[in-house]
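Enquirer: Mind looking at a prediction? Sequence and model below.
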There are 2 protein chains.
Amino acid sequence: MPELRRDPIVGRWVIIATERASRPSDFAHPMARPPDGLCPFCAGQEDKTPREVYVQGRPPPMVPNGPGWKVRVVPNRFPALMIEGELDRKAEGIYDVMNGIGAHEVVIETAEHDRQLKDLGDHDVTEVLFAFKARVLDLRHDHRFRYILIFKNQGREAGASLVHAHSQLIALPVIPRQVQDEIDGARRHHEQRERCIFCDIVAQERKDRARLVHENEEFVVFAPWAPRSPFETWIVPKRHESNFEAEPRERLAQCAQALRSTLRRLSAGLGDPPFNFILHSNPLRDAPSQSYHWHIEVMPALTQVAGFEWGSGFHINPVPPEEAAEFLRKLPA
Amino acid sequence: MPELRRDPIVGRWVIIATERASRPSDFAHPMARPPDGLCPFCAGQEDKTPREVYVQGRPPPMVPNGPGWKVRVVPNRFPALMIEGELDRKAEGIYDVMNGIGAHEVVIETAEHDRQLKDLGDHDVTEVLFAFKARVLDLRHDHRFRYILIFKNQGREAGASLVHAHSQLIALPVIPRQVQDEIDGARRHHEQRERCIFCDIVAQERKDRARLVHENEEFVVFAPWAPRSPFETWIVPKRHESNFEAEPRERLAQCAQALRSTLRRLSAGLGDPPFNFILHSNPLRDAPSQSYHWHIEVMPALTQVAGFEWGSGFHINPVPPEEAAEFLRKLPA
């Protein structure tokens, strides 16, 4: 059983995921990947994954775990957290620990091995976002979970171990510190000004235009004021909404258009770089919030986290967001 | 002039270091390095670096920037921050920015190109730590600076751009969030219990022994309870002291022994892995603290920061610290 351990000084949680480990001495190559011919995410290889928890696009007779699907969600075969068991919070001297309970799922974005998310049509990307929503709506019934983080790693340097297009979802029994920091900051802003800080940012970015990359009817895409990495790009709904899973399909379609356009620009401009994206939404047990606002953060993996970043939490970014936005704006979407 | 920009939501600072940048489109290879024959840190190449600000071991007649030295500190030729100018704090709409004022120095740990820090003798490592102390004592006179972060990147995967053994120092006009989080956590513990949390950790680790790697008269070396990465190892003074620069040479010699022993174990056990270390000490303008305690954190760069870590602040660590410590304990120091 993996463990969730809390650092006693700063309160950061760490997943000690023993099930994923090899021996300490074998640790030099943590990311072995299967030869492409054996890709477990391809059509026809459905028996190579755990049984699906969601599927879209499979024509009748719709045999579970058969072929013909467009989007498929399965439990991660090497999960960071385990779905079964009790949290069992306890102390070990001055330290805190609980069982590593959670869900860890893989969203297979297409049945085709060689298409990336950016290569799919807007309708297909909408179906991927709809799969995210469907999984959140299902998993929120499990009262052990307090937060669901949806994220994507594409490319080896961004932490992907398989090339077939996929994103991931981890349901957690605690609210991650990174999210709590955003919630706390947004709440302080709202207390002082009675406005949502994300709505304020959207307004300023649309007015300034210097960091704007793209906008459609419902979403704005921009390089944030203080980006951690070159070409970091945020996708934010124009209308205030704290919860991603509250968005109707029409707005998810607009989000899909904005996301796909962003990924195409990054790919065209930077030569298909490795990247991560993360989706931040309001915690599962909180009421809809006037101060928090869901959004997607896309981060190309072009720089390394080194000693200075580890030790300070500062990031050094050699590309001003105004230059990054100007560069991306001019590219075909 | 680089800029320090503050994220308006979470308060994270980012250095927008325009001087280090090439064109956005050139960004694919950020870490070109000179051929080894042209190493600017080697003996005899002193004119390839900015003029030294500290030197140790040069015999008479001690011509500045001449050869014969053992440790040499020079300004970074590609600094993240600029030493000259005013902070000039200002707002840009809802955003905060100030000039990127600071010092960025390189501590060249040996004149020999092929020796790593772990290959030096205890006496030589002591001189490196003494150089850190001397630079902190000098730079703290500059009242624009509030914190000095000392760190080392070794190996390309850990962010090093030159192979010649060196560490770095960045003096900052703000206290980094990572340090502030530690200070705040330690203060809360002290308010509740009137004890230093680091002293409590040292006591528990020495008693449990499961995560202990090494100890000498003055320092304890252990795998922390909630390590962010496999084989993360902390070096903490047994006696309470908030400020690294307050340590006398005898205790720096003990620290050097502990550090060198740690680096030798990591190198022997993990095949000379890339790593970072960072030195956390009390901020420059604060009085010596009863609740904060300086220390060194060593982190081998064996895993990648991917979407989940970016989005959550959680880390997934496949090696329990008890296993890491047992493995390291058995290796020759």
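Expert: The structure has been received and is ready for your questions.
Enquirer: going forward, measure contacts and count neighbours with C-alpha atoms only.
Expert: Noted.
Enquirer: Next, the buried residues of stretch A:80-94.
Expert: By neighbour count on 16 or more other Cα atoms under 10 Å in any protein chain shown, the buried set for stretch A:80-94 is A:Ala80, A:Leu81, A:Met82, A:Leu87.
Enquirer: My guess is the first one contacts A:Val106. True?
Expert: So the one you mean is A:Ala80. No. Assessed by Cα atoms under 8 Å, A:Ala80 is found out of contact with A:Val106, at 11.9 Å.
Enquirer: Who are the contact partners of A:Val55?
Expert: Taking Cα atoms under 8 Å, 6 or more residues apart in numbering or on different chains, we find A:Val55 in contact with A:Trp69, A:Lys70, A:Val71, A:Arg72, A:Val73.
Enquirer: so where is chain A shaky, pLDDT-wise?
Expert: A:19-37 (pLDDT under 70).
Enquirer: tell me the residue furthest from the middle of it?
Expert: The centre of chain A is farthest from one residue, A:Gly93, which by Cα atoms, centre = their mean lies 34.7 Å away.
Enquirer: Not counting its neighbours along the chain, what's nearest that one?
Expert: Nearest non-adjacent residue to A:Gly93, counting by Cα to Cα, 6 or more residues apart in numbering or on different chains: B:Gln204, 7.4 Å away.
Enquirer: Would you report the backbone torsion angles of A:Thr15?
Expert: Heads up, residue A:15 is Ile, not Thr. Backbone torsions for A:Ile15, taken as degrees, to the nearest 10, come to phi -90, psi 110.
Enquirer: Tell me the bridge partners for it.
Expert: Judged by DSSP bridges, the bridge partners of A:Ile15 are A:Leu4, B:Ile316.
Enquirer: my guess is the residue nearest to A:Gly93 meets B:Ile197, correct?
Expert: No. When contacts are counted by Cα under 8 Å, B:Gln204 is not listed as touching B:Ile197 (10.4 Å).
Enquirer: And those two? Which one has more around it.
Expert: Set B:Gln204 next to B:Ile197 and count neighbours by other Cα atoms under 10 Å in any protein chain shown: B:Ile197 wins out with 23 against 16.
Enquirer: Run a quick check on the more buried one versus B:His190, I expect a contact.
Expert: Yes. Using Cα under 8 Å, B:Ile197 is in contact with B:His190, at 7.1 Å.
Enquirer: Spell out which residues are contacts of both of these two.
Expert: Common neighbours of B:Ile197 and B:His190 (Cα under 8 Å, 6+ apart) are B:Ser291.
Enquirer: on that earlier part again, just confirm the residue nearest to A:Gly93 is within a helix.
Expert: Yes. Judged by DSSP: H, G, I helix; E, B strand; the rest coil, B:Gln204 forms part of a helix.
Enquirer: tell me the contacts of the closest residue to A:Met82 other than its chain neighbours?
Expert: Nearest non-adjacent residue to A:Met82, counting by Cα to Cα, 6+ apart: A:Ile101, 4.9 Å away. By Cα under 8 Å, 6+ apart, A:Ile101 lies in contact with A:Pro2, A:Leu81, A:Met82, A:Ile83, A:Glu84, A:Gly85, A:Glu86, A:Leu87, A:Leu172, A:Pro173.
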